[in-house]
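Student: Dropping a prediction and its sequence here:
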Amino acid sequence: MKILLHSCCAPCTTYCLASLRGMGHDVRGYFRNPNIHPYREFRHRLDTFTDYCAMVAYDAFVDDSYGLREFLQEVGPEGRDRCAKCYRMRLMPAAAMAAREGFDAFTTTLLISPYQDHELVREVGEEAARDNGVAFAYFDFRPGFRESIKMSVDMGLYRQPYCGCVFSEEERYNRKSSAYRS
């Protein structure tokens, strides 16, 4: 099957790509992540992804636009329902690209993370598939999460400490600061 793989980052792509290729799929990548902030973090992830693509001869579409305003406009100042909105901001364009470019299906590296809401990713992916007339291929890549870490460390890839959005970063720092107060 010809699959478009939406990638949130290079480390998560490592195992997903190897797994899909191992199943015999023809895979092409798609990097679109307007949720990643600040800009320096976005740039670091984008550069790591393009370096990874060159290392493993992986062809990918890359949206290198920094989406701060788009992301904040979509999720609002409180960030309510931000994960669903964020998934839509990435999977709707992935589905549209998959349909436009003649792919049989699309999927996402978000499905490797034990920290992502898999049912919500699946729901949004299936919605994007219906809206764009292309299949969403659900794969539970979570069993390969530790392997993806090992693969990315072995390749010397930058591994980020949070999902990417400003709200996630705030939560990460709030957890750290509350641990210091305890």
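Tutor: Here it is on my side, so go on. Here the structure is a predicted model, which is why all the values come from computation and not from measurement. Residues are numbered from 1 along each chain as shown.
Student: Could you use CA atoms for every contact and neighbour count after this?
Tutor: Fine.
Student: what about the helices in the protein?
Tutor: Counting by DSSP state H, the chain has helices at residues 10-22, 39-55, 68-75, 82-100, 118-132, 145-155, 166-181.
Student: which one of those lies closest to Lys2?
Tutor: Closest to Lys2 of the helices of the chain is helix 82-100 (CA to CA; 9.3 Å).
Student: What is that closest one packed up against?
Tutor: Under the contact criterion of 3 or more CA pairs under 8 Å, 6 or more residues apart in numbering; DSSP states H and E, helix 82-100 touches strand 2-7, helix 68-75, strand 105-108, helix 118-132.
Student: can you list contacts of that helix?
Tutor: Contact partners of helix 82-100, identified using CA atoms under 8 Å, 6 or more residues apart in numbering, comprise 3-4, 6, 30, 32-35, 71, 74-75, 104-106, 108, 120-121, 124-125, 128-129, 132-134, 136.
Student: Give me the buried positions along that helix.
Tutor: Residues 82-83, 85-99 are the ones in helix 82-100 that count as buried (16 or more other CA atoms under 10 Å).
Student: now stretch 17-32
Tutor: Leu17, Leu20, Val27, Arg28, Gly29, Tyr30, Phe31, Arg32.
Student: What of stretch 44-51?
Tutor: Buried, per 16+ other CA under 10 Å, within stretch 44-51: Arg45, Leu46, Asp47, Thr48, Phe49, Thr50.
Student: now stretch 52-70
Tutor: Within stretch 52-70, judged by 16+ other CA under 10 Å, the buried ones are Tyr52, Cys53, Ala60, Phe61, Val62, Tyr66, Gly67, Leu68.
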